[in-house]
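1. Next come a sequence and a model predicted from it.
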Amino acid sequence: METERVENRVRDLRNPEHPVRRIARKSGLRSLIANRRHRSLKAEDVYLASYPRSGNTWMKFVFADLVSRREISFSNADEVIPTVGEHASKRGDLRDGGRLLKTHEPFRGEYRRAIYILRDPRDVALSYQRYFEGFGVSFESTDEFATKFMAGLVGSYGSWMDHVESWFEARSRGAEILPLFYESLIRDPESLVAEAASFAGVETTAPEIARAVARNSAERMRQKEAESASYFSDVGWNNRSVSFVGQASSGGWKGQLSSRTLERLQPASTRYAELLEMETGLRAAGVFAA
């Protein structure tokens, strides 16, 4: 019985809005914890980075498939590509001995080389709210969530705007950062995965990339989620009416967000449109037609 109580308390702490995590977020403790998690990193390590709910998990599954040459599940993905802070025992799997690691942190000086994934912040906000609902955390309205999202008051990684700017400012100063846009990834995943693999130093071939993308399609990812009930229970995902794997689409916010919520998100969506056009040449009007 005591063991069960301890396990339940540990599981509760994984809730992103647990009171202990909120206190840490609002105090200097958050910085101390982050510094500790970033010990024992190597200059050769390569990071799969993003703000939460931007496509990082999908990219992690694809890259884990490529470096391990086996199909990846929710139960073994962290063994192949751990999150920063859980990386100490991870061996190198890149040409130069570096490791592939996942992070949702804003840019830090330790991140010498990174693939940074961006997604339309309106889709991010909608998906992020559902993510919290999966952990049993509810908000009065999507508008309330959007307000907190813009202010950096949800989760542990600050606002979407500050997060994105930290990475692009670092890139402008010479940091090795490859930005990948979610909208481009879903249009031509194999080409962009090939570009990212070359950037990261992952030895692979076109057939292997095609196989990894197919084995981690949106439909297959949903199947993997359905097959991983015990994993999601262990991490505290208690609301099984909410799917962890989203629709893997762009523009899902249309018809879901009110005009008031869209107004609150406007500064972020405008900035995203600027970056998208600057980096890919995609016209914002075509991507963001309401």
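-> That came in fine, so what should we check first?
2. Show me which positions of the host helix or strand of residue 194 end up buried.
-> Assigned by DSSP states H and E, residue 194 belongs to helix 189-200. Going by neighbour count (16 or more other Cβ atoms under 10 Å), the buried part of helix 189-200 is 189, 192, 193, 194, 196, 197, 199, 200. Using the backbone N, CA and C atoms, a C-beta is placed for each residue, glycine as well.
3. check contacts around the last one.
-> Remark: with contacts taken as Cβ atoms under 8 Å, 6 or more residues apart in numbering, residue 200 is in contact with 46, 63, 94, 100, 113, 115.
4. which regions of this structure lie under the pLDDT threshold?
-> The model of the chain has pLDDT under 70 over residues 1-30, 87-89, 241, 283-290.
5. hmm, try it at 50
-> For the chain, the stretches flagged by pLDDT under 50 are 2-13, 18-21, 23-25, 285-290.
6. Quick one: the strands in it, in order.
-> Secondary structure of the chain by DSSP state E: the strands cover 46-50, 100-103, 113-118, 176-181.
7. Deepest-packed of those, please.
-> For these, ranked by mean neighbour count under the definition mean count of other Cβ atoms under 10 Å, the leader is strand 46-50 at a mean of 27.
8. List the pairing partners of that one within its sheet, with orientation.
-> For strand 46-50, the paired strands and their directions (DSSP bridges) are strand 100-103 (parallel), strand 113-118 (parallel).
9. Quick one: neighbours of residue 85, just the number.
-> Neighbours of residue 85 under the rule other Cβ atoms under 10 Å: 15.
10. Please report how far the closest residue to it other than its chain neighbours lies from residue 194.
-> In this structure, residue 85 finds its nearest non-sequential neighbour in residue 37, 3.2 Å apart by Cβ to Cβ, 6 or more residues apart in numbering. Distance of residue 37 to residue 194, given as Cβ to Cβ, to the nearest Å: 31 Å.
11. Any idea how far the longest helix seen in the chain is from the middle of the chain?
-> With secondary structure taken from DSSP state H, the chain has its longest helix at helix 259-280. Helix 259-280 has its C-alpha centroid displaced from the chain centroid by 19 Å (Cα atoms, centre = their mean, to the nearest Å).
12. got the angle for it vs strand 113-118?
-> Counting by axes from the mean of the first three to the mean of the last three Cα atoms, to 10 degrees, helix 259-280 points 140 degrees away from the direction of strand 113-118.
13. And helix 259-280, what's buried?
-> Residues 261, 262, 264, 265, 268, 269, 271, 272, 273, 275, 276 are the ones in helix 259-280 that count as buried (16+ other Cβ under 10 Å).
14. Would you check that the second one makes contact with residue 122?
-> Translated: residue 262. Yes. Using Cβ atoms under 8 Å, residue 262 is in contact with residue 122, at 6.9 Å.
15. Report the set of residues contacting both of these two.
-> Contact criterion Cβ under 8 Å, 6+ apart; residues shared by residue 262 and residue 122: 253, 269.
16. still on that earlier bit, and the helix holding residue 194 with strand 113-118, angle?
-> With the same axes, to 10 degrees applied, the angle from helix 189-200 to strand 113-118 works out at 150 degrees.
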